[in-house]
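Peer 1: here is a sequence with its predicted model. Questions after.
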Amino acid sequence: MGRIYKSARTSFALFLVALTVFGFAFELYDIQIKNNEYYSAQNNTVKTYKVPIEASRGEILDRNGNPLVTNRQGNSVVLDAAYFPSTKENSERNRIVFNLIKLFNRNGEEYVHNLPLKLNKKNEVVFFTEEDDENFESAIKTMKSKDMFNLQNYATAQNCFDAMIEEYELEDYLEKYGIEIVLEIGNVRYELTRLLFSVSNPVTIAEDVKDETVALIKEDSSKYKGANVKVVAYREYADSTLAPHILGTVRKINAEEYEQLKNEGYGINDEIGESGIEGSMEQYLRGTAGEKTVTIDDKGNVSEEVTREPIQGDTIILSIDKDLQRLAQKKLEKICKSVDYNNSTGAVVVEDCNNGEVLAAASYPAFDLNDYYDHYNELTKDRLTPLYNRFAMGTYAPGSTFKPMMAVASLEEGAITQGTVFNCTNHLEVAGHVFKCLAAHGGENVRGALRDSCNVFFYNCAKRLGIEKMNSYGAMFGLGEKTGVEIPEAKGILAGPEYRKRFDMLWAPGDTVQAAIGQSDNLFTPLQLCNYCATIANGGTRYQMHFVKSTISNSTDVVNETGINIVQTIDVQDKNLEIVQQGMRMVATGGGPANVFSKLDTKVACKTGTSTVVVKGIKHNNGFLITYAPYDNPEVSVATAIEMAGSGSSTAEITSSIIDYYYSHNTNEKKAQKDGILL
């Protein structure tokens, strides 16, 4: 029995030895033969990293080549992990960050502050609020997340602060310098964590710093080890108050956008167009990042080589005229302030009738692009909503500016002829309800009804046409439809049974006659009104409106023209359009704006409009005016919408100034210029 036991134990031991030897042999085979290249690379002490080089954004110019948005060079302070202490050297990291903060504070530099913690008046640590950051809730959630401080959702601000102290080993600084300094150091350390700081991903901690700050950092590399100064292109505006709603804004990419766009080459530190042309033309403006190869040898020596140069983004040529845009803004502001200094707002749009190019578009009040982010919270709380783009997003009941469309539809459908006369006695009864006119005009034909803006005439047209036909023509003219501009715009509403059905509401005969004079549920943008006017002026061709005239590639120098896009050619007889055009000419010569337009050398045609709104329980009239010029050879259309103006005629001063400027400063403009030539 003993021998059997001893034999079994020996055999088992030999088996284990053999298994171990086999395992080592297999491992040796794997390392030296099968995966030799892989393990050789792992043992290589020379490490190589690819670091992106940011490309400058493309410039934005006006139609004549005048700069609107360009780039200027400035300096940013960047922490570079190739030179910065490692994560195991917390105290050294803190020392360098503290030195940088002291330098920034002394020189009045702004630096990162994305840690959503602050001190209140009682010297207590509290969370950010909406006043500090509009996305404060998301920022707090990120701070508590597993990737950051790994805290529960219910963690307090003090809990987060304590976690920060522990994470970055800031106890000594808290004891020696206090909470405020620790929060400042923690902010920079938090930014490194938040933005995945690594050799391949340097992190910017201060932007657009003074030359004095740059010199001090470069002079003392040991005190500011790992802090590099990078020359960066910053957005610069020829006039930061010019066309802010059109040009738009640029900001740092947020976490959600980065997750969506990282596969398209975006980095976590990149900037992105947020609104306006900056946002809509982002794919052209952003440029192509370059690449730098960073090599660190076994002794810690760092070498760098630019292996791919960055390519600046494309140049965008807009259709707007810089000086015409400035004039439109100034005149719009003047008329709004004269109407009601504290309450009136409005918009104006100028379009080339023959290709859909927007020559100017202004919204009042507006904002300054240079300090947009500094004053963002104030702007969002301003009761006059300066961030709101009224020419593209503002929808208004157009009042009597709707009547030219009604006249075209009625003539074309045979509901009236040019000789049809309706007697206006200041009111008309429909289905038991009385609908009023501004005056008792007596007998009116279509031309006179346009001149006098006779409601009764168009009530009768509506009774003969019906809402379906009215809306069919309204849609042809683009009312209640987006115009196609590159920036966000509202669709508006074309009143009718179809719209009412969405809200389980009925459409009555009285609604039809109200819709005929631009009331009821009708809501259109100034862009739509301008394009509708241009369509009447040019003989029935509705063009897609656009702000971008062309793009120029900075990599190939190829010019890409936007070109002309015809959305619809309205199938109406020329004679019927001419009748309506004649009626609109009579408005300019014998209607409300006649006194203003008679002073112009250029003949114009127009239609006024008003619609009633209630502000703080008091009724006011918004004023509208659609105009085109010259009357006999249309080139430009203008639409104005002034809230609380009282009447459309009171807005004629803006239109008159725009047309006067256009024909005294743009003598080379040609009606036939439809080929989109760049400059």
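Peer 2: Cool, got the structure.
Peer 1: number of residues surrounding Ala537?
Peer 2: By other C-beta atoms under 10 Å, 27 other residues sit near Ala537. From N, CA and C alone the C-beta is placed, and that goes for glycine too.
Peer 1: and it, what does it touch?
Peer 2: By C-beta atoms under 8 Å, 6 or more residues apart in numbering, Ala537 lies in contact with Cys353, Gln581, Ala605, Tyr628, Pro634, Ser637.
Peer 1: for this protein, name the helix or strand with the lowest mean pLDDT.
Peer 2: Taking mean pLDDT, DSSP states H and E as the measure, the helix or strand of the chain with the lowest value is helix 36-43, at a mean of 46.
Peer 1: contact partners of the next helix or strand after it?
Peer 2: For helix 36-43, the succeeding helix or strand toward the C-terminus, using DSSP states H and E, is strand 47-53. Outside strand 47-53, the residues that touch it by C-beta under 8 Å, 6+ apart are 82, 198-202, 267, 289-296, 306-310.
Peer 1: excluding its backbone neighbours, what's nearest the most centrally placed residue in the chain?
Peer 2: Against the mean C-alpha coordinate of the chain, by C-alpha atoms, centre = their mean, the closest residue is Ser275 at 1.3 Å. Spatial nearest neighbour of Ser275, chain neighbours left out: Gly248 (3.9 Å); criterion: C-beta to C-beta, 6 or more residues apart in numbering.
Peer 1: tell me how far Lys88 lies from Thr48.
Peer 2: Using C-beta to C-beta, to the nearest Å, Lys88 is found at 22 Å from Thr48.
Peer 1: what about those two, which has more around it?
Peer 2: Taking other C-beta under 10 Å, Lys88 and Thr48 do not tie; Thr48 has more neighbours (11 against 7).
Peer 1: if we can go back for a sec, where's the residue nearest to Ser275 relative to Pro526, distance?
Peer 2: Distance from Gly248 to Pro526, by C-beta to C-beta: 18 Å.
Peer 1: ditto for Asp601
Peer 2: Asp601 is 26 Å from Pro526, by C-beta to C-beta.
Peer 1: out of the two, which sits in the busier spot?
Peer 2: Set Asp601 next to Pro526 and count neighbours by other C-beta under 10 Å: Pro526 wins out with 28 against 9.
Peer 1: wait, doesn't that one sit right on Met393?
Peer 2: No: with contacts counted by C-beta atoms under 8 Å, Pro526 stays clear of Met393, the gap being 9.9 Å.
Peer 1: which residues does Val580 contact?
Peer 2: Contacts of Val580 (C-beta under 8 Å, 6+ apart): Pro404, Ala407, Val408, Leu411, Val446, Leu450, Ile536.
Peer 1: checking my notes, the first one in a strand, right?
Peer 2: What that stands for is Pro404. No: secondary structure of Pro404 (DSSP: H, G, I helix; E, B strand; the rest coil): helix, not part of a strand.
Peer 1: might one say that it is in contact with Leu450?
Peer 2: Yes: counting by C-beta under 8 Å, Leu450 is a contact partner of Pro404 at 6.7 Å.
Peer 1: can you list residues touching both of those two?
Peer 2: Any residue near both Pro404 and Leu450 by C-beta under 8 Å, 6+ apart counts here, and that gives Val580, Gly583, Met584, Lys607.
Peer 1: nearest to Tyr168 among these?
Peer 2: Using C-beta to C-beta, Lys607 comes nearest to Tyr168 of the shared contacts of Pro404 and Leu450, at 67.5 Å.
Peer 1: element containing that closest one?
Peer 2: Per DSSP H and E: strand 605-615 holds Lys607.
Peer 1: and that strand, which strands flank it?
Peer 2: strand 618-629 (antiparallel) (DSSP bridges).
Peer 1: pull out the buried positions in the partner strand.
Peer 2: Neighbour-count burial for strand 618-629 flags His620, Asn621, Asn622, Gly623, Phe624, Leu625, Ile626, Thr627, Tyr628, Ala629 (criterion: 16 or more other C-beta atoms under 10 Å).
Peer 1: ok, for the fourth one, nearest residue in space, not its chain neighbours?
Peer 2: I take that to be Gly623. Once flanking residues are discounted, Gly623 sits nearest to Ala645: 3.0 Å by C-beta to C-beta, 6+ apart.
Peer 1: which residues of the chain score low on pLDDT?
Peer 2: Counting by pLDDT under 70, the ranges of the chain that qualify are 1-45, 666-679.
Peer 1: can you pull the contacts of the residue lying closest to Phe402 once chain neighbours are set aside?
Peer 2: Counting by C-beta to C-beta, 6+ apart, Phe402 lies nearest to Gly518, which is 3.3 Å off, once chain neighbours are set aside. Applying C-beta under 8 Å, 6+ apart to Gly518 gives the contacts Ala397, Pro398, Gly399, Ser400, Thr401, Phe402, Lys403, Gly609, Ser611.
Peer 1: state the pair within the contacts of Val580 that is farthest apart.
Peer 2: Greatest spacing in these, by C-beta to C-beta: Val446 and Ile536 (13.7 Å).
Peer 1: distance from the chain centre to stretch 254-268, please.
Peer 2: 18 Å (C-alpha atoms, centre = their mean, to the nearest Å).
Peer 1: and stretch 205-213, end to end?
Peer 2: Stretch 205-213 stretches 13 Å from its first residue to its last (C-alpha to C-alpha, to the nearest Å).
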